[in-house]
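K.L.:
Turn this into a model:
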Amino acid sequence: MRYAPVAFALSLVVGVTGSMGVARSSAPVDPRVEALLKEGRAALAKGDAGTATDSFETALVIDPASSAALLGLADAARREGLQGKAIHYYREVLSREPNNVVAISGEGGAMVEKGAVEKAKRNLTRLEGLCGKGCAETAELSAAISR
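P.N.:
Here you go, the predicted structure:
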């Protein structure tokens, strides 16, 4: 019992130190990345997937941790009919942010387009658990599966 206070203090230090390593930094986003993402989204809205891909790739070079750039690349790949490539990008985002509902929904949509409806239904179930049936991403994936 005489070591209990020391053990408690040591476990507290280890617990706090460990949780600090997991915490995300709130580093500001580079304005160049924001501009490139905006440019890419505008190009994608016009139907120019090639220009959008260039913008998203440049943003990813500047900030390799940008999930938004990966999601943009995935959307551009889907627009070009490259569902396998899109699924790769969505999974890259999910490896960083396992509960990213946009990536889960996008991956499910790409799976539907590829013909893997059962796997897409698993994504739908996961989305319903994360954000419910009223969530926009859930409704979008549900509609894609219904089609």
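
K.L.:
so where is this structure shaky, pLDDT-wise?
P.N.:
Low-confidence segments of the chain (pLDDT under 70): 1-28.

K.L.:
So which residues of it form helices?
P.N.:
Counting by DSSP state H, the chain forms helices over residues 4-22, 31-45, 49-62, 67-79, 83-96, 101-114, 117-131, 136-146, given from the N-terminal end onward.

K.L.:
Now mean neighbour count too, for the ones you listed, in CSV please.
P.N.:
Where you see a C-beta, it was placed from the backbone N, CA and C, and this is true even at glycine. CSV is the format used below for the helices of the chain (neighbours: other CB atoms under 10 Å):
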stretch, mean neighbour count
helix 4-22, 9
helix 31-45, 17
helix 49-62, 19
helix 67-79, 23
helix 83-96, 18
helix 101-114, 23
helix 117-131, 16
helix 136-146, 17
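
K.L.:
What lies in contact with stretch 121-133?
P.N.:
Applying CB atoms under 8 Å, 6 or more residues apart in numbering, the external contacts of stretch 121-133 come out as 99, 101, 104-105, 107-108, 111, 135, 137-139, 141-142, 145.

K.L.:
mind running it again at 10 Å?
P.N.:
Residues outside stretch 121-133 that contact it (CB atoms under 10 Å, 6 or more residues apart in numbering): 90, 98-101, 103-112, 116, 134-135, 137-142, 144-145.

K.L.:
next one: it to chain centre, how far?
P.N.:
15 Å (CA atoms, centre = their mean, to the nearest Å).

K.L.:
Only alpha carbons, please: show it as PDB.
P.N.:
Backbone C-alpha positions of stretch 121-133 (Å, rounded to 0.1, in the frame of the first residue of the first chain) are rendered in PDB as follows:
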ATOM      1  CA  LYS A 121     -25.600  -1.400 -47.600                       C
ATOM      2  CA  ARG A 122     -23.000  -2.000 -44.900                       C
ATOM      3  CA  ASN A 123     -21.800   1.600 -45.300                       C
ATOM      4  CA  LEU A 124     -25.500   2.700 -45.000                       C
ATOM      5  CA  THR A 125     -25.900   0.800 -41.800                       C
ATOM      6  CA  ARG A 126     -22.700   2.400 -40.500                       C
ATOM      7  CA  LEU A 127     -24.000   5.900 -41.500                       C
ATOM      8  CA  GLU A 128     -27.300   5.300 -39.800                       C
ATOM      9  CA  GLY A 129     -25.500   4.500 -36.600                       C
ATOM     10  CA  LEU A 130     -23.300   7.600 -36.800                       C
ATOM     11  CA  CYS A 131     -25.700  10.300 -37.800                       C
ATOM     12  CA  GLY A 132     -29.200   8.700 -38.100                       C
ATOM     13  CA  LYS A 133     -31.600   8.400 -41.000                       C
END
